[in-house]
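Chemist: Quick one: sequence plus predicted model below, questions after.
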Amino acid sequence: MDTSSTTIEWVLSELMRHPHVIKKVQKELEDVVGLERMVEESDLEKLELHPVAPLLIPHAANEDCTVNGFHIQKASRVIINVWAIGRDPRAWTDAERFIPDRFVGSNIDVRGNHFELIPFGSGRRRCPGIQLGLTVVQLMVAQLVHCFDWELPNSMLPNELDMSEEFGLTVPRAKHLLAIPSYRLHK
Ligand code: HEM
């Protein structure tokens with residue numbers, strides 16, 4: 001599945017729509033990495049980037065069970081609507097807004113321990129590629145934001161960027177992101 005590339009495209013899109021956030025990430029990277037070199041994998045642990053992906057794979061119950069008061073009959077197909085959980089106002093303040101800072105000082109992570117944020121699923125059938133996925137997404141996004149300034153084409157304003165989704169097993173952008181990079185490192 002194209003989960004890593006889809007996530008990278010969404011993160012970049014959200015960053016393009018929030019220029020103050022991209023500036024903040026650039027500043028954070030500048031402080032850690034400087035402007036003389038690209039980002040290295042060993043720099044990542046010092047950074048606070050948070051990828052998300054609104055999907056899970058259908059599951060089936062092996063036996064009758066009760067979860068949180070809901071009876072689930074053996075062999076039922078269970079679909080977890082992570083997309084809706086990510087927008088649930090009971091779990092998130094200003095759920096529809098992209099506020100990466102909401103995770104600063106919070107203990108919520110993406111590894112399946114906190115059910116309000118499970119982009120990799122949770123439990124035994126959780127994504128086994130989580131570490132590779134996180135590393136690839138963080139390194140790519142950090143690299144793209146650190147090495148380049150980004151502009152939307154035809155003087156498009158950030159809030160004019162079309163954020164339509166194409167629904168399926170994965171949820172990519174309906175139209176690919178088109179953005180113009182300009183190199184910003186000194187080397
Ligand atoms: C940002 C990147 C990625 C995201 C967001 C992601 C997300 C997911 C999700 C949500 C599931 C379903 C979990 C569930 O139903 O509970 C899954 C399953 C899976 N993922 Fe990933 N994934 C990513 C990257 C990768 C990579 C890089 C690999 C392999 C190298 C991988 C291999 C798998 C496999 C094999 C499964 C099926 C596991 C099973 O059914 O037991 N994923 N992934």
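Modeler: The structure has been received and is ready for your questions.
Chemist: residues contacting the residue lying farthest from the centre of the chain?
Modeler: Largest separation from the mean C-alpha position in the chain: D64, at 33.8 Å (C-alpha atoms, centre = their mean). Applying C-beta atoms under 8 Å, 6 or more residues apart in numbering, one finds that D64 lies in contact with H71, I72, Q73, K74. Bear in mind the C-beta positions are built from the backbone N, C-alpha and C, glycine included.
Chemist: Next: I99.
Modeler: Contacts of I99 (C-beta under 8 Å, 6+ apart): none.
Chemist: just the strands in this structure please.
Modeler: With DSSP state E, the ranges of strands along the chain come out as 59-60, 65-67, 70-72, 77-78, 148-151, 180-183.
Chemist: In JSON lines: those strands, plus distance to the ligand.
Modeler: Converted to JSON lines, the strands of the chain look like this (distance: least, C-beta to the nearest ligand atom, whole Å):
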{"stretch": "strand 59-60", "distance to the ligand": "6"}
{"stretch": "strand 65-67", "distance to the ligand": "14"}
{"stretch": "strand 70-72", "distance to the ligand": "15"}
{"stretch": "strand 77-78", "distance to the ligand": "9"}
{"stretch": "strand 148-151", "distance to the ligand": "21"}
{"stretch": "strand 180-183", "distance to the ligand": "22"}
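Chemist: Could you single out the most deeply buried of those strands?
Modeler: Ranked by mean neighbour count, the strands of the chain are led by strand 148-151 with a mean of 15 (mean count of other C-beta atoms under 10 Å).
Chemist: Distance of the residue farthest from the centre of the chain relative to R77?
Modeler: 14 Å (C-beta to C-beta, to the nearest Å).
Chemist: just the contacts of D64 now: which is nearest E14?
Modeler: Using C-beta to C-beta, I72 is the member of those that lies nearest E14, at 34.4 Å.
Chemist: hang on, that closest one packs against N62?
Modeler: No. Contact between I72 and N62 fails when scored by C-beta atoms under 8 Å: they sit 10.3 Å apart.
Chemist: Could you pull up the residues touching P19?
Modeler: Counted by C-beta under 8 Å, 6+ apart, P19 has contacts P158.
Chemist: which ones are touching the nearest residue to L144 once chain neighbours are set aside?
Modeler: Distances taken as C-beta to C-beta, 6 or more residues apart in numbering place L12 nearest to L144, at 6.5 Å, with adjacent residues excluded. Contacts for L12 (C-beta under 8 Å, 6+ apart) come out as V141, L144, W150, L177, A179.
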